[in-house]
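S.K.: Below is the sequence, then the predicted model.
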Amino acid sequence: METENRKTDYLILVNKQNPLPDDWSERIDTVHCTNSLGMDVEAEITAYEAYLKLKEDLENDDIIVDLDSALRSKEIQEQIAADFTKEYGEEYTAKIVAVPGYSEHHTGLALDLYLNVNGEDIYFNFEMMEYAPLWEKIHQRITDYGFILRYPREREHITGYVYEPWHIRYVGCEAAREIHDQKLTLEEYLKGEREYVPLIDYGHSELYTAEELREMAILIKCRFAAWRGCHLRSLAYAGNGEKTVFVMKYVTDTDSEEKEGSWFLRKTTRGDWVIDRYLASE
Ligand SMILES: [Zn+2]
């Protein structure tokens, strides 16, 4: 896109393994806007201009979106983490809120959208999830404006995050097209290598629903995404002793021999699944 800023690296990777570079704020120009909820939103200028074009295109089809959150400073991320901890406890916060310094929102290139359906703003995550066909239509358009769906389904072991239909990331049109057409994650695109597709075996359980087992596996995959140089091969539900167990196999960049270990999970009194510990097999 001709308006791209030369000092800004639109392919910057910030995830659970890669923190935001210290000088990043000097490498972007930002812009402020006010969303329909009256909140001030700050974003990187090229990403914001691309978003405006996307928004206009969607409006021609009566799809109304707005910007919930874009650029977040480390200080704001710290505040969010503190608020969540107070409200929901440490375990839940660790699951849902990025560690300050490691959130893609620090780049200003990640945008969280919300919907307006029949004149009503839909901005709570669980509510937005109910509009799958609408999100599908939105996702079909974002590539043309240089955005990718950053956290697609079943890629948690690479991205570190569960499917978020509202979180789009500006990478520029060329990269967006390639990432979309080749069904890659940003991580794979930058590495120039496709990740192995792990085998996930939910086994059979009389204790848990398929949905619960899926949720547990996602939790493990999100945690695994922080393991540097490691690649997931398989994850299998191995039943219930004192704790719920998943057996994991993985390889590393330097050793192609499979390693194995077990994840132990439990349910909190709040009803959330949490990881208790990981135990490597001998
Ligand atoms: Zn987001």
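M.R.: Happy to help now that I have it. Numbering: from 1, shown residues only.
S.K.: Show me how far stretch 134-149 is from its chain's centre.
M.R.: Stretch 134-149 has its C-alpha centroid displaced from the chain centroid by 15 Å (CA atoms, centre = their mean, to the nearest Å).
S.K.: actually stretch 159-167, not the one I wrote
M.R.: When distances are taken as CA atoms, centre = their mean, stretch 159-167 is centred 3 Å away from the chain's centroid.
S.K.: Dump that stretch to PDB, keeping only the CA atoms.
M.R.: Taking Å, rounded to 0.1, in the frame of the first residue of the first chain, the C-alpha atoms of stretch 159-167 are listed here in PDB:
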ATOM      1  CA  THR A 159      -0.200 -18.500  17.800                       C
ATOM      2  CA  GLY A 160      -0.700 -19.100  21.500                       C
ATOM      3  CA  TYR A 161      -4.300 -17.900  21.400                       C
ATOM      4  CA  VAL A 162      -7.700 -19.400  20.900                       C
ATOM      5  CA  TYR A 163      -9.800 -18.400  17.900                       C
ATOM      6  CA  GLU A 164     -10.700 -14.700  18.100                       C
ATOM      7  CA  PRO A 165     -12.900 -13.700  15.100                       C
ATOM      8  CA  TRP A 166     -12.600 -10.000  16.100                       C
ATOM      9  CA  HIS A 167      -8.800  -9.700  16.300                       C
END
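S.K.: Okay, helices next: where are they in the stretch 151-282 of the chain?
M.R.: Assignment of helices within the stretch 151-282 of the chain using DSSP state H, counting those that start in this stretch yields the ranges 156-159, 173-181, 186-191, 210-224.
S.K.: Just name the most buried of the ones you listed.
M.R.: With neighbours taken as mean count of other CB atoms under 10 Å, the helices of the stretch 151-282 of the chain reach their highest mean count in helix 156-159, at a mean of 24. C-beta: built from backbone N, CA, C; applies to glycine.
S.K.: Within its local environment, how many residues does the closest residue to Leu190 other than its chain neighbours see?
M.R.: Spatial nearest neighbour of Leu190, excluding adjacent residues (CB to CB, 6 or more residues apart in numbering): Leu13 at 5.7 Å. For Leu13, the count of nearby residues is 14 (other CB atoms under 10 Å).
S.K.: Now do the contacts for Leu13.
M.R.: Shown in contact with Leu13 (CB atoms under 8 Å, 6 or more residues apart in numbering): 186-187, 190.
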